[in-house]
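A.B. asks: Generate a structure from the sequence data that follows.
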Amino acid sequence: MGKENAGIGSVRIADDVVARIAALAALEVDGVSAMAGNYTSDVLEKVGRKNLSKGAKVIVGQDEAKVDLSLMMAYGYNIPATCQLAQTRVKTAVENMTGLEVTDVNIRIAGITMPKA
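C.D. replies: Presented below is the predicted three-dimensional model:
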């Protein structure tokens, strides 16, 4: 992404930064337990979320971004409703923080996390 700032210079946001924003926004949704291929969100809290963007793929254009997320869902949540909320939250977070227009938020459910007995 290259944004001009009144002739002062340009700002470029790395794909990984956008991916982290998207992943954090998705993890805030009740029912999303983790990014696929990552640790659970509880472990991520403890280790500082270093590999947070592992389940997120972002393609950033000049003024737009496309986000693909692989998520783990918690058992017992309505998958379509939870995904719709996650899509909205990701779109809003990325657009507000980066100024990019998010054209797609595609979610793949990679698995279900069972409650601890």
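
A.B. asks: Could you pick out the longest helix of this structure?
C.D. replies: The longest helix of the chain (DSSP state H) is helix 79-98.

A.B. asks: Check which helices and strands that one sits against.
C.D. replies: helix 15-27, strand 64-74, strand 101-113 (3 or more C-beta pairs under 8 Å, 6 or more residues apart in numbering; DSSP states H and E). From N, CA and C alone the C-beta is placed, and that goes for glycine too.

A.B. asks: Run through the chain and note the low-pLDDT ranges.
C.D. replies: 1-6, 37-53 (pLDDT under 70).

A.B. asks: What is the neighbour count of residue 114?
C.D. replies: By other C-beta atoms under 10 Å, the residues close to residue 114 number 10.

A.B. asks: so what's the nearest residue to residue 106 once chain neighbours are set aside up against?
C.D. replies: Distances taken as C-beta to C-beta, 6 or more residues apart in numbering place residue 68 nearest to residue 106, at 4.7 Å, with adjacent residues excluded. If you count contacts by C-beta atoms under 8 Å, 6 or more residues apart in numbering, residue 68 has them with 56-58, 104, 106-108.

A.B. asks: returning to what we had before: buried residues in the longest helix of the chain, which are they?
C.D. replies: 82-83, 85-87, 89-91, 93-94, 98 (16 or more other C-beta atoms under 10 Å).

A.B. asks: Contacts for it next, please.
C.D. replies: 1, 13, 17-18, 21-22, 24-26, 28-32, 65, 67, 69, 71, 73, 100-102, 105, 107, 109.

A.B. asks: follow-up on the earlier one: nearest to residue 8 among the buried residues of helix 79-98?
C.D. replies: residue 98 (18.2 Å; C-beta to C-beta).

A.B. asks: gap between that closest one and residue 109?
C.D. replies: Going from residue 98 to residue 109 by C-beta to C-beta, to the nearest Å gives 26 Å.

A.B. asks: now residue 62
C.D. replies: From residue 62 to residue 109 the distance is 31 Å (C-beta to C-beta).

A.B. asks: Neighbour count for those two, which is higher?
C.D. replies: Taking other C-beta under 10 Å, residue 62 and residue 109 do not tie; residue 109 has more neighbours (15 against 8).
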